[in-house]
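> Prediction below, plus the sequence it came from.
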Amino acid sequence: MLTMYQIPGLGTPYRRLPKPDHPALKPITEQRRGLDVVSHETFKLDLVNKTKDLEQQLADKHDKITESANLDKGVGSALGRLPDNVLSKIFEYHLMGSDHLSRRSDPSPIRLARVCRRWRDIAVGMAKLWCKLSFYVDDDHREWKRSAFYYNSWLKRSQDSPLSLQLRPGYAEGGTAELRRLVQPYMSRVSSLEIVFWDDVEPEHLLTDLPAALKELTVCFGDCFDASATAQSLSQLPSTVRSLKILDRTFGQACLLSLSPVWDHLTHVEIAIRPRNVLHFLVLCPNLSSCELTLGQPAFMSPRVQCMRFTHANLQSLSIICPGYFKPNPLPVLFNAVTLPKLRTLEIRYAFLSSPHQELQAFLQRSKCPLEVLIFDAVVTPPPDQQGDFITIIPSLKIECRLDTIPKN
């Protein structure tokens, strides 16, 4: 029985709580004990389930790692059984598409040589792998010394093979002369050379006394270079050069004339010139087999130029790039002016809203060339009926229409 008590000073009575061992609380205590037991069992069950999930995850990871290890072991074992000459062919194929290499490039013969001792012995003994190299002169003289040691070690492995070098003189004072001294012992073997000039670097140190074995030259200039001075340096190129690429400079007629001794023996040229100088350029290059012309502003051509006609007897591949919307469009005038009886590949990249359909059609009829591929790289390409007109002239012609990718000025 519960007794009623009254708090002193207050008139309201309250119930006195029973003691813990009171018979009235026994059912509640047993219920709580039951709940504790169920909670404990539930916790253990959750722990068991989580443990099983974790075990399964660890088992899956173990299987994957084991499978990967066995695969790598199998591949490594298979590569290890390959003869040296087969590995050599694989190394050559791995580096085939790389123009200029360095210790940081990927792919690189350095990376091949770090796989294992056998691969290193094969790679180091293959002179072909060490014939392409990109030079860069840093402002830090200590870094320059380390780089000089690295470049010398690389090129010594090329033995007596022809070299393809890229020279990038930095901003350091005297860096161009230092670079010239570094590559001088190897210049006699250079058959392909690319030079990237910054705006404050003098070109004459690297464009004079070029090797007699040089066959390909690519020159990339900054915006501040004087084109006429550059042309004067290029006029001293050896007669062995067959390919010349002049990037980021637009050559006028005076610059073209200053290179007259060089044009005669070139078979491939990539150059930026004004539309009114295109025919003059083709006249200067009678042995040209392939060409990429980037047309620079202005596009206006005088009536005298528009009346000119010229037939180039050897040109087989021509790419014409108009980087911007010219007014007027120079393409119709150019196709009316030139005849190319040996042309096999023609690529036109332009930003105009129409293609030179009639002029191009007349050009194909007049040239009677064995054209195999006609490429339009533009926002607006010829519709199917106009393409059909070209195929009517040359039934075996393949026409490709690509999305315009040329830069806009």
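The structure has been received and is ready for your questions.

> Under the pLDDT cut-off, which ranges of the stretch 201-350 of the chain? List them.
Applying pLDDT under 70 to the stretch 201-350 of the chain flags the ranges 201-206, 222-229, 298-306, 325.

> Now do the strands in it.
216-220, 243-251, 268-273, 290-295, 310-311, 317-321, 338-339, 345-350 (DSSP state E, counting those that start in this stretch).

> Mean neighbour count added to those, as a markdown table?
In short, each C-beta sits where N, CA and C put it, glycine included. Shown next, in a markdown table, are those (neighbours: other CB atoms under 10 Å):
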| stretch | mean neighbour count |
| --- | --- |
| strand 216-220 | 19 |
| strand 243-251 | 18 |
| strand 268-273 | 20 |
| strand 290-295 | 20 |
| strand 310-311 | 12 |
| strand 317-321 | 19 |
| strand 338-339 | 19 |
| strand 345-350 | 20 |
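
> a markdown table please, covering these and showing distance to residue 111.
Converted to a markdown table, the strands of the stretch 201-350 of the chain look like this (distance: least, CB to CB, whole Å):
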| stretch | distance to residue 111 |
| --- | --- |
| strand 216-220 | 26 |
| strand 243-251 | 29 |
| strand 268-273 | 31 |
| strand 290-295 | 33 |
| strand 310-311 | 50 |
| strand 317-321 | 34 |
| strand 338-339 | 48 |
| strand 345-350 | 35 |
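
> And those: which comes nearest residue 135?
Taking CB to CB, strand 216-220 is the member of the strands of the stretch 201-350 of the chain nearest to residue 135, at 14.1 Å.

> ok and the closest one relative to strand 268-273, angle-wise?
Put simply, strand 216-220 runs at 20 degrees to strand 268-273, going by axes from the mean of the first three to the mean of the last three CA atoms, to 10 degrees.

> Each with direction, which strands does strand 216-220 pair with?
strand 190-196 (parallel), strand 243-251 (parallel) (DSSP bridges).

> Just the residues contacting stretch 180-193, thanks.
For stretch 180-193, contacts defined as CB atoms under 8 Å, 6 or more residues apart in numbering pick out 135, 148, 151-152, 155, 158, 160-167, 205-206, 210-218.

> again, 6 Å this time
148, 155, 162, 163, 164, 165, 205, 211, 213, 215, 216, 217 (CB atoms under 6 Å, 6 or more residues apart in numbering).

> What remains of the residues you listed if I keep only buried residues?
In the contacts of stretch 180-193, burial by neighbour count holds for 148, 155, 163, 164, 165, 205, 211, 215, 216, 217, counting by 16 or more other CB atoms under 10 Å.

> The second one - nearest residue in space that isn't next to it in sequence?
In space, residue 155 comes closest to residue 186 once its chain neighbours are excluded; the distance is 5.3 Å by CB to CB, 6 or more residues apart in numbering.

> For my notes, confirm that neighbour occurs in a helix.
Yes. Under DSSP: H, G, I helix; E, B strand; the rest coil, residue 186 falls within a helix.

> how close does residue 395 sit to residue 377?
23 Å (CB to CB, to the nearest Å).

> the more surrounded of the two?
residue 377 (18 against 6; other CB atoms under 10 Å).

> you'd agree that one is up against residue 350?
No. Counting by CB atoms under 6 Å, residue 350 is not a contact partner of residue 377; they are 7.8 Å apart.

> how about the helices in the stretch 101-250 of the chain?
Secondary structure of the stretch 101-250 of the chain (DSSP state H, counting those that start in this stretch): helices at 109-113, 117-124, 141-156, 175-183, 204-207, 227-234.

> contact partners of the third one?
Contacts made with helix 141-156 from outside it, assessed by CB under 6 Å, 6+ apart, are listed as 130, 133, 138, 182, 186.

> Same question for that helix: list its buried residues.
Those would be 144, 147, 148, 151, 154, 155, for helix 141-156 by 16+ other CB under 10 Å.

> now swap in stretch 362-381 and tell me
Buried residues in stretch 362-381 (16+ other CB under 10 Å): 363, 364, 366, 367, 369, 371, 374, 375, 376, 377, 378, 381.

> Could you list which of those residues belong to strands?
The strands, defined by DSSP state E, take in 374, 375, 376, 377, 378 from those.

> Including distance to residue 333, could these go into a markdown table?
Shown next, in a markdown table, are those (distance: CB to CB, whole Å):
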| residue | distance to residue 333 |
| --- | --- |
| 374 | 19 |
| 375 | 21 |
| 376 | 18 |
| 377 | 20 |
| 378 | 18 |
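
> which of those sit farthest apart?
374 and 378 (12.4 Å).

> Give me the buried entries from the contacts of helix 141-156.
Buried among the contacts of helix 141-156 by 16+ other CB under 10 Å: 130, 133, 182, 186.

> now for those residues, which pair is the farthest apart?
130 and 182 (15.9 Å).
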